[in-house]
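J.: Predicted coordinates and the sequence they were generated for:
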Amino acid sequence: MKKCLLLITLILANIGSAQDTIKQSEVIVVEQPEVEKNQFKNSLGDLKINLDQSGEKNIKVGLSSQIWLRYLENNPGTAVNNVPQNHTYDAGLRRMRIILNAQLTNAYSIYMQFGINNQSFISGGGSGTGANGAGKKPQLFFMDAYNELAIIPRINSSTKKANKNHFYLGAGLHSWSGISRMTNASTTKMLTADLPVFNFPNIEITDQFSRQFGVFGHGEYNKFNYRVAINKPFATNRQPGVGEIVDNNQSGKLSFAGYGMYQFFDQENTATSFLAGTYLGSKKVFNLGAGIYSTKDATLAQTEPGVFESHDNLMYGIDAFFDMTIGAKSKEMALSVYSVFYRYDFGPNYLRTNGIMNPGTKDPNFTGETAVEGFGNAKYLLGTGNLWYTQAGFVLPKFSNKVKLQPFATYSLKDLEGLRDIAHFYDFGANLYILSQNAKVAYQYSSRPLFNGDTKEVLTRRGEHILTLQIAL
């Protein structure tokens, strides 16, 4: 591990006077801010490699791993590896990441995050069988890769004191996104075992795991925090059948995104784009926010044979986040609540399905009624219409000096134009924190509705059990 860290240092520090600074480099663990020490006596700080005596030039290294163990109630008519299955057990790598943040000067930094997502026994890897099987040897890819310049830095370079206001500009593959707090969610500080995913409206369609190429700006003015971006969406050229609408942005229009939040109490750390789903009471937070995303000619409909019509995308969100301790201080109880309303417009009756690490395909011999969403754990993810999501978690009274227990529950309402019934989704579970947010075990049960393809009404429901093992630094 030490050799790997030294190699990373040598590569990134090759900008400027690399040889001189590496000789003076040292690896230290930075302590948590004072506000969090009482809450998380066992938590870890950042792994930091100093490139000069002052520590202002440095490289921070982050690692995270989320292992999933699951029990799936498959949609009707599902086959797994060509064998009919009503239920499936599996395990997989939901997320495996390495994060590098190089602070070259007080004004200039480079941020990179790479790894893999969604590898299971049957998906996420190569094609074919044997050594190059569908679940084997996934390729590493970059989720974030951008440069950032401090126009007004957080820390004044002369006085070394915090600036009340700050502003940063950057460019590259980034996740400084609009619409909502959850569109900018941290995947290592989630309240739930996983995110609802429809909080990323372009996920793996015109973005790369919720990132797009472009330029962005973010900053803070007193207690108002904001981020804006102009991006070039990833290209997609799907062709619709008659009566269908699909993602097609062949004209290549830019996208525009922004999100702002007012922080009534404690101000959050926004050195990176990711916002926590829970602080376990380590902060006193109440924020109200709103955001937007728009792009021209993003979808294509075939209204009648040979007649095509492009539609713009316009999406916005309004949300609220609350996290603070409640009750006697000695009990260390805390309440986390987040609620968001989305209005998505992809064009008339647009619908999109999704199944995370879906192992299922169609059983050709099944003769019963199937769901229009498809097979395995597929569900309606999002579409044109209104969506409302709320999550809440409660840290139970202190019963140990080493661990904390936090039950949680969520509710999603999807009122989509293309469906006759409103879709109701439920999740509940609990987090067992072993080393603060650095190490936790989470259990979650999720219930999803399934729809009839002809009537577009609810046909039945299925569930999914997830056990997550998470390590993050």
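T.: Yep, that arrived.
J.: quick one: contacts for the closest residue to Lys398 other than its chain neighbours?
T.: Once flanking residues are discounted, Lys398 sits nearest to Glu332: 4.4 Å by CB to CB, 6 or more residues apart in numbering. (C-beta placed from N, C-alpha, C; glycine too.) Neighbour list for Glu332: 39, 281, 325, 395, 397-398, 404 [criterion: CB atoms under 8 Å, 6 or more residues apart in numbering].
J.: what bridges to the closest residue to Ile422 other than its chain neighbours?
T.: Spatially, and ignoring its direct neighbours in sequence, Ile422 is nearest to Asp415 (5.0 Å; CB to CB, 6+ apart). Using DSSP bridges, the bridge partners assigned to Asp415 are Asn386.
J.: Report how many residues lie close to Gly260.
T.: Taking other CB atoms under 10 Å as the neighbour definition, Gly260 ends up with a count of 17.
J.: How about Gln66?
T.: Using other CB under 10 Å, Gln66 is surrounded by 23 other residues.
J.: From Ser175, how far off is it?
T.: Relative to Ser175, Gln66 is positioned 17 Å away (criterion: CB to CB, to the nearest Å).
J.: what about burial for the contacts of Glu332, which qualify?
T.: Of the members of these, the ones counted as buried by neighbours, 16 or more other CB atoms under 10 Å, are 39, 281, 325, 395, 404.
J.: Taking those residues, tell me the two that lie furthest apart.
T.: Greatest spatial distance in these: Thr325 and Lys404, 12.2 Å, computed using CB to CB.
J.: What segments of the stretch 251-400 of the chain are strands?
T.: In the stretch 251-400 of the chain, strands defined by DSSP state E, counting those that start in this stretch lie at 255-263, 285-304, 307-326, 333-345, 351-354, 360-362, 379-383, 385-395, listed in chain order.
J.: would CSV of the ones you listed with distance to Asp46 and mean pLDDT be doable?
T.: Below are the strands of the stretch 251-400 of the chain laid out as CSV (distance: least, CB to CB, whole Å; pLDDT from 0 to 100):
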stretch, distance to Asp46, mean pLDDT
strand 255-263, 23, 98
strand 285-304, 21, 98
strand 307-326, 21, 98
strand 333-345, 23, 98
strand 351-354, 33, 98
strand 360-362, 40, 97
strand 379-383, 34, 98
strand 385-395, 24, 98
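J.: and those strands, which is most packed in?
T.: Sort these by mean neighbour count, taking mean count of other CB atoms under 10 Å, and strand 379-383 sits at the top with a mean of 24.
J.: just to revisit the earlier point, redo the strands of the stretch 251-400 of the chain as TSV? Include distance to Gln212.
T.: Conversion of those to TSV gives the following (distance: least, CB to CB, whole Å):
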stretch	distance to Gln212
strand 255-263	7
strand 285-304	10
strand 307-326	13
strand 333-345	17
strand 351-354	18
strand 360-362	30
strand 379-383	17
strand 385-395	21
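J.: So, low pLDDT: which residues of the protein?
T.: Scanning the chain for pLDDT under 70 picks out the ranges 1-45.
J.: And stretch 252-265, how far out from the chain middle?
T.: Relative to the centre of its chain, stretch 252-265 is centred 16 Å away, using CA atoms, centre = their mean, to the nearest Å.
J.: er, stretch 51-60 actually
T.: Relative to its chain's centre, stretch 51-60 lies at 29 Å (CA atoms, centre = their mean).
J.: can I have that stretch written out in PDB, keeping just the CAs?
T.: What follows is stretch 51-60, C-alpha atoms only, in PDB (Å, rounded to 0.1, in the frame of the first residue of the first chain):
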ATOM      1  CA  LEU A  51       4.000  18.100  -0.900                       C
ATOM      2  CA  ASP A  52       5.500  21.000   1.000                       C
ATOM      3  CA  GLN A  53       6.300  22.000   4.600                       C
ATOM      4  CA  SER A  54       3.100  24.000   5.000                       C
ATOM      5  CA  GLY A  55       0.800  21.300   3.800                       C
ATOM      6  CA  GLU A  56      -0.900  23.700   1.400                       C
ATOM      7  CA  LYS A  57       0.300  21.700  -1.500                       C
ATOM      8  CA  ASN A  58      -1.000  18.100  -1.000                       C
ATOM      9  CA  ILE A  59      -2.700  15.100  -2.400                       C
ATOM     10  CA  LYS A  60      -5.700  13.600  -0.600                       C
END
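J.: for that stretch, which positions count as buried?
T.: By neighbour count on 16+ other CB under 10 Å, the buried set for stretch 51-60 is 51, 57-60.
J.: Check stretch 138-151 too.
T.: For stretch 138-151, the buried set under the neighbour-count rule, 16+ other CB under 10 Å, comprises 138, 143-146, 148, 150.
J.: mind putting these in TSV, distance to Arg448 and secondary structure included?
T.: TSV is the format used below for these (distance: CB to CB, whole Å; DSSP: H, G, I helix; E, B strand; the rest coil):
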residue	distance to Arg448	secondary structure
Pro138	26	coil
Met143	26	strand
Asp144	30	strand
Ala145	34	strand
Tyr146	35	strand
Glu148	39	strand
Ala150	44	strand
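J.: Pick the one among those residues closest to Asn237.
T.: The shortest separation between Asn237 and any of the buried residues of stretch 138-151 is 23.8 Å, and it belongs to Met143 (by CB to CB).
J.: Against Phe274, how distant is the closest one?
T.: Relative to Phe274, Met143 is positioned 11 Å away (CB to CB).
J.: Okay then, goodbye and thanks.
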